[in-house]
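**Student:** Sharing a model prediction with you, sequence too.
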Amino acid sequence: MYPYYPEIRRFPYLDHRHAQQRLTFVLVHGSWADARFWDDIAAVLRGNGHVVYTPEYAGHGGDPNKNVTHAMITKSVVDFITKLNLRDIVLVGHSFGGTVVQKAAEQVPERIKRLVFWDAFVLKDGESVVDEVPPQTRQGFEQLRASSRDDTIMLPFPLFRDLFVNTAALDVAKWIYASVAPEPAKPLFEKLNLKAFYALPTPKSYVYFYQDNVLPQGEGFGWNPHMSIRLGQFRLIVGDGDHMTDSRTRPAMVAQKLYEAGRD
Amino acid sequence: MYPYYPEIRRFPYLDHRHAQQRLTFVLVHGSWADARFWDDIAAVLRGNGHVVYTPEYAGHGGDPNKNVTHAMITKSVVDFITKLNLRDIVLVGHSFGGTVVQKAAEQVPERIKRLVFWDAFVLKDGESVVDEVPPQTRQGFEQLRASSRDDTIMLPFPLFRDLFVNTAALDVAKWIYASVAPEPAKPLFEKLNLKAFYALPTPKSYVYFYQDNVLPQGEGFGWNPHMSIRLGQFRLIVGDGDHMTDSRTRPAMVAQKLYEAGRD
Amino acid sequence: MYPYYPEIRRFPYLDHRHAQQRLTFVLVHGSWADARFWDDIAAVLRGNGHVVYTPEYAGHGGDPNKNVTHAMITKSVVDFITKLNLRDIVLVGHSFGGTVVQKAAEQVPERIKRLVFWDAFVLKDGESVVDEVPPQTRQGFEQLRASSRDDTIMLPFPLFRDLFVNTAALDVAKWIYASVAPEPAKPLFEKLNLKAFYALPTPKSYVYFYQDNVLPQGEGFGWNPHMSIRLGQFRLIVGDGDHMTDSRTRPAMVAQKLYEAGRD
């Protein structure tokens, strides 16, 4: 609508590349992804002076065992944090990773500076992930699960392309899809006890990308505000990305949003 | 918030001007518009290598007969497609044009590659357009209809300026308004049988511009997600425009969004 | 997603710096702020040729008396307008200032060209501000009020930082917080008679910044559309800011949005 503003530049912070607070990030990926999801984002964050960890969790990455539970996944992340004796961390969960962050935070709250949910599930006490998807999607998941030999769910490309990487060019969509593995189904259907999570005073942020359409955004579903408001007081940061594309095509944009969510 | 990112540029597609998949677009305008609505957008799309058609439909453009039905309007578009023997088309509907796309898709599904709804009505089976507008707007339409001699509805300039071209400068708003003709009222009040539409497996996209305020966006009304989710699985593309301004002031932005919605 | 478009430039208005309609703005700030809130925005507007007034109101700025009513606040603004004999004004309210604009408009409607609400409360007849905040926030306000000696509410920094200046760097957040004074509590809890407001034919606009999270945006709360639709027909303008940061870091962006909301 308008080209460029000659904005008043009085604050030294405006040249943000020289002024970022040094943070320690632990980044927890979601379903149909592995720790490589974070590679480019982590590279940008490290370039900006942050310390970044991207733990892999049970049933994902190199793990041949797909018969995992939500507790096993959480244990992977908690063990990673405790073995490295990480403290004062910004714990970030993307998508399904939000539920892992919820459960991990219950176990090592004293090590966490702030929780960041990026288009991530924030389940109510007693809910499962599939309780938060529209009935049609849930039915699709159940069919895909039933048709697998090892209780996993593999997303067909057309669904992945339209819902997870909707803003990507086709070649990028295919390139990202090439790294997608069948997702262990069980953790998506497990109902989680989250009473301890909802008693935590840890500061929280929610990063919402408004082209993300993995869930409809409204009418009783969605990332923000449907799930974000469960956090109580939280810091909102909004970007224009979708669910997965920007991790590969605009990692610096994502890194900036995660930094804005994670800083003091 | 942040000026420019030195984004990692690994994908050749990032220079999108050299890499667009060649598509055949059929663009269907909405109410208070005619086929000229698409002129600038079509010019950009053609410049990017696409084939673009902008059929006029009954009761609009040069047609002196305003006594038309929704079926006559749909027939104009379907006949256009069949007479030119178009195949593999991306059929785009804007605003009221969404209902035309819904009915046309029922008749020539085998010719359609993908349906794109741009801030467009996606009616439920048995609904009319006025069933989806707030009660106050419906009442306004009924009064304007009753006061016309030929069963049309003409929008007063203040309403058009604030709801249809809200982001435009006043001279642009007036210039666009100068091309607005009284709209045949009947098709807006017709309840449509859409059972066949909801059985179509055709891929679908929804383009939503977040400054569009023709309908309130929430509280039981609106383009996205209120109507978009009726499409079932769909690809979402979001832009920052309003309902009509950008077709004239930023046609390249609109063309890019329609391309992102229409490509494979 | 895409870098720059070679947009068609046919309209002289596109160089907006040479073409702004001259307006008279009266800017009414919100809670936990005073008239200095507008300093940078007013400077930009004046630089673009507009006449700008930023009246202080009772209980704020230099006023030592915190024991004020909503009527006293409204009187400050109405008296300012009438004493200077201002006419044809664009009356802008930010946040709590929306309720002041609502009541002031009832008293001097003939002097007002257009009302602009910027992430502002638009109360229903008989409501108070706290009727529009989530139960948890209301409870927090009541506790803070009870703990004060002079019936004011002071926001703790962590809450202010996450809800009011969420996109700001920490030093900017602290710098803005340094100008925050305890807010008189009573006007936030007063239920307002707004029958006359809802009978006014004055044109109205709503400016919504989508990173504003002072209220959750949906699920029965929020600026737009939850409160904006109460205006009936209104012009929507959307920006990417939060509640308070941009007034200091991007005043030219805010000024442009207010101009787009206020012009004919």
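**Tutor:** Yep, that arrived.
**Student:** Contact residues of the stretch 151-264 of chain A facing chain B?
**Tutor:** By Cβ under 8 Å from any Cβ of the partner chain, the part of the stretch 151-264 of chain A that sits against chain B consists of A:158-159, A:161-163, A:166-167, A:169-172, A:175, A:210-211, A:213, A:216-219, A:221-222, A:240, A:242, A:249-253, A:256, A:260. For the C-beta atoms, the positions are set from N, CA and C on the backbone; glycine is no exception.
**Student:** What segments of chain A are helices?
**Tutor:** Remark: helices assigned in chain A by DSSP state H are A:39-47, A:70-83, A:97-107, A:135-146, A:157-163, A:170-177, A:186-189, A:246-249, A:251-262.
**Student:** could you say what helices and strands the longest one packs with?
**Tutor:** Helices and strands touching helix A:70-83, by 3 or more Cβ pairs under 8 Å, 6 or more residues apart in numbering or on different chains; DSSP states H and E, are strand A:24-28, helix A:97-107, helix A:186-189.
**Student:** which other residues reach the longest one?
**Tutor:** Residues lying outside helix A:97-107 but in contact with it, judged by Cβ atoms under 8 Å, 6 or more residues apart in numbering or on different chains, are A:28-30, A:57, A:70-71, A:73-74, A:77-78, A:81, A:91-93, A:112, A:115, A:117, A:120-123, A:129, A:187, A:192, A:194, A:196-197, A:200, A:202, A:227.
**Student:** Using CSV, list the CA coordinates for that helix.
**Tutor:** C-alpha atoms of helix A:97-107 as CSV (Å, rounded to 0.1, in the frame of the first residue of the first chain):
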residue,chain,number,x,y,z
GLY,A,97,6.4,-30.6,19.8
GLY,A,98,4.1,-28.3,21.8
THR,A,99,2.8,-31.3,23.7
VAL,A,100,6.4,-32.5,24.3
VAL,A,101,7.3,-29.1,25.7
GLN,A,102,4.2,-29.2,27.9
LYS,A,103,5.2,-32.6,29.4
ALA,A,104,9.0,-31.8,29.5
ALA,A,105,8.3,-28.6,31.3
GLU,A,106,6.6,-30.5,34.1
GLN,A,107,9.8,-32.5,34.7
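**Student:** List the buried residues of it.
**Tutor:** A:97, A:98, A:99, A:100, A:101, A:102, A:103, A:104, A:105, A:106 (16 or more other Cβ atoms under 10 Å in any protein chain shown).
**Student:** Identify the nearest residue to the fifth one in space, disregarding sequence-adjacent positions?
**Tutor:** Put plainly, it is residue A:101. Excluding the flanking residues, the one nearest residue A:101 by Cβ to Cβ, 6 or more residues apart in numbering or on different chains is residue A:93, at 3.4 Å.
**Student:** quick one: the one you found from residue C:256, how far?
**Tutor:** Counting by Cβ to Cβ, to the nearest Å, the separation of residue A:93 from residue C:256 is 36 Å.
**Student:** So those two - more neighbours on which side?
**Tutor:** More crowded of residue A:93 and residue C:256, by other Cβ atoms under 10 Å in any protein chain shown: residue A:93, with 27 against 21.
**Student:** which residues does that one contact?
**Tutor:** Neighbours of residue A:93 in contact, by Cβ under 8 Å, 6+ apart: A:28, A:30, A:99, A:100, A:101, A:102, A:115, A:116, A:117, A:118, A:120.
**Student:** quick one on the thing from earlier: now the residues of the stretch 151-264 of chain A next to chain B: which count as buried?
**Tutor:** Counted by 16+ other Cβ under 10 Å, those give A:161-163, A:166-167, A:169, A:172, A:210-211, A:213, A:216-219, A:221-222, A:240, A:242, A:249-253, A:256, A:260 as buried.
**Student:** rewinding a little: Throw the buried residues of helix A:97-107 into a markdown table and include distance to residue B:154 and pLDDT, thanks.
**Tutor:** Below are the buried residues of helix A:97-107 laid out as a markdown table (distance: Cβ to Cβ, whole Å; pLDDT from 0 to 100):
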| residue | distance to residue B:154 | pLDDT |
| --- | --- | --- |
| A:97 | 53 | 98 |
| A:98 | 50 | 98 |
| A:99 | 54 | 98 |
| A:100 | 57 | 98 |
| A:101 | 55 | 98 |
| A:102 | 55 | 99 |
| A:103 | 60 | 98 |
| A:104 | 61 | 98 |
| A:105 | 59 | 98 |
| A:106 | 62 | 98 |
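**Student:** Please identify which of those is nearest to residue C:62.
**Tutor:** Distances from residue C:62 to the buried residues of helix A:97-107, taken as Cβ to Cβ, are shortest for residue A:105 (45.7 Å).
**Student:** any idea how far the closest one is from chain C?
**Tutor:** Here the distance between residue A:105 and chain C works out to 17 Å (Cβ to the nearest Cβ, to the nearest Å).
**Student:** do the same with residue A:50
**Tutor:** In terms of Cβ to the nearest Cβ, residue A:50 sits 15 Å off from chain C.
**Student:** What number of residues are in the vicinity of that residue?
**Tutor:** Applying other Cβ under 10 Å, we find 20 other residues in the vicinity of residue A:50.
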